[in-house]
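A.B. asks: From the sequence below, what's the structure:
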Amino acid sequence: MKVKKAVIPAAGLGTRMLPVTKTVPKEMLPMVDRPVLQYIVQEAVAAGIEDILIITNRGKDVMEDYFDYAPELEDKLMQAGKDDLIELVHKPANLANIFFVRQKQTLGLGHAIYQARRFVGNEPFAVLLGDDIIRAKTPVTKQLIAAAEKYHASAVGVQQVSDEAIHRYSSVAVSPLEERVFSVSDMNEKPTIEEKFSNYAILGRYVLMPEVFEILANQKPGYGGEIQLTDALETLCHREDMVAVDFEGRRYDTGNLCGFLEATLDMALDHPETGAWLKAYMKDKVSKF
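C.D. replies: Below you'll find the model as predicted:
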């Protein structure tokens, strides 16, 4: 099996980041010099993905504009002799074959993924949540693809979280296969401490077999009255093999203010144009406390 397609659900309302997300999609908020969504797309491309479907919603046309050419802007840059900036403007459009489809009703992550069934067809595919940036030496999606191809199974990206945090995620029941790779036998969505299977939580990355669409087509609403992807994956792991990869990487949930600021600071500290300045600025600010 080869994984060449990816789906990025980016149809959420961004309620944790209001009021800015009233008019600016959270996935398009600037992370230093590019939007959050570009980091997600770049990870997929670095993992060998060729075709990407982004699930959007009303009011998110700016995503399509960003991953397109901008002739008027490019003409102005050309007249000014700024060829390097033209190349920078072209880059998002040239990353991969990028397609868009709308989730006409916001009915949950499982419902959003179901919108990709025609795009995916009968192939395995990756899922990267549109507000989760994960920095890693080896792209996390590539780590999952390697495990999925080795075991001919769906794969979910996991890391251990605290008892206090597990209720915000999906908990998985696991047994070891090899270092950092586990077999998955069960899972549940946003469990209490008493309900959790383990402290391994699914964190924003998946490689799924197309059989998940048959399950999603008949999936009843679950937690929060929404069609949950976790509920469909629970059924899928009971029917066929599934693995969990304890991925190596630092995850940022940019869909909330603190996570967004953490990611912005870390990215800015590593950016060649802002790193030295920000370090000096932070030292100066801290010295005054």
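A.B. asks: what about the strands in the stretch 51-200 of the chain?
C.D. replies: 51-56, 97-102, 125-128, 132-135, 154-160, 170-178, 181-189, 200-208 (DSSP state E, counting those that start in this stretch).
A.B. asks: closest one to Asp75 among these?
C.D. replies: Nearest of the strands of the stretch 51-200 of the chain to Asp75, taken as CB to CB: strand 97-102 at 23.1 Å. C-beta here means a position set from N, CA and C on the backbone, and glycine is covered the same way.
A.B. asks: Distance-wise, check Arg58 relative to Arg102.
C.D. replies: 7 Å (CB to CB, to the nearest Å).
A.B. asks: next one: Gly59
C.D. replies: Using CB to CB, Gly59 is found at 10 Å from Arg102.
A.B. asks: Likewise for Tyr223?
C.D. replies: Tyr223 sits 24 Å away from Arg102, going by CB to CB.
A.B. asks: Dump the strands of the stretch 51-200 of the chain into JSON lines; add mean pLDDT and distance to Lys4 as well.
C.D. replies: Shown next, in JSON lines, are the strands of the stretch 51-200 of the chain (pLDDT from 0 to 100; distance: least, CB to CB, whole Å):
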{"stretch": "strand 51-56", "mean pLDDT": "97", "distance to Lys4": "6"}
{"stretch": "strand 97-102", "mean pLDDT": "96", "distance to Lys4": "10"}
{"stretch": "strand 125-128", "mean pLDDT": "98", "distance to Lys4": "8"}
{"stretch": "strand 132-135", "mean pLDDT": "95", "distance to Lys4": "20"}
{"stretch": "strand 154-160", "mean pLDDT": "97", "distance to Lys4": "15"}
{"stretch": "strand 170-178", "mean pLDDT": "96", "distance to Lys4": "25"}
{"stretch": "strand 181-189", "mean pLDDT": "96", "distance to Lys4": "22"}
{"stretch": "strand 200-208", "mean pLDDT": "96", "distance to Lys4": "11"}
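A.B. asks: Quick check: which of those is buried the most?
C.D. replies: Greatest average neighbour count among those goes to strand 125-128 (a mean of 27), per mean count of other CB atoms under 10 Å.
A.B. asks: counting contacts, what elements does it pack onto?
C.D. replies: strand 5-9, helix 36-46, helix 140-151, strand 200-208 (3 or more CB pairs under 8 Å, 6 or more residues apart in numbering; DSSP states H and E).
A.B. asks: Turn these into TSV, including distance to Glu194.
C.D. replies: Shown next, in TSV, are these (distance: least, CB to CB, whole Å):
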stretch	distance to Glu194
strand 5-9	30
helix 36-46	34
helix 140-151	29
strand 200-208	16
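A.B. asks: For Arg250, find the nearest of those.
C.D. replies: Nearest of those (CB to CB): helix 140-151, 10.0 Å.
A.B. asks: which parts of the closest one are buried?
C.D. replies: Neighbour counts over helix 140-151 (16 or more other CB atoms under 10 Å) mark 140-148, 151 as buried.
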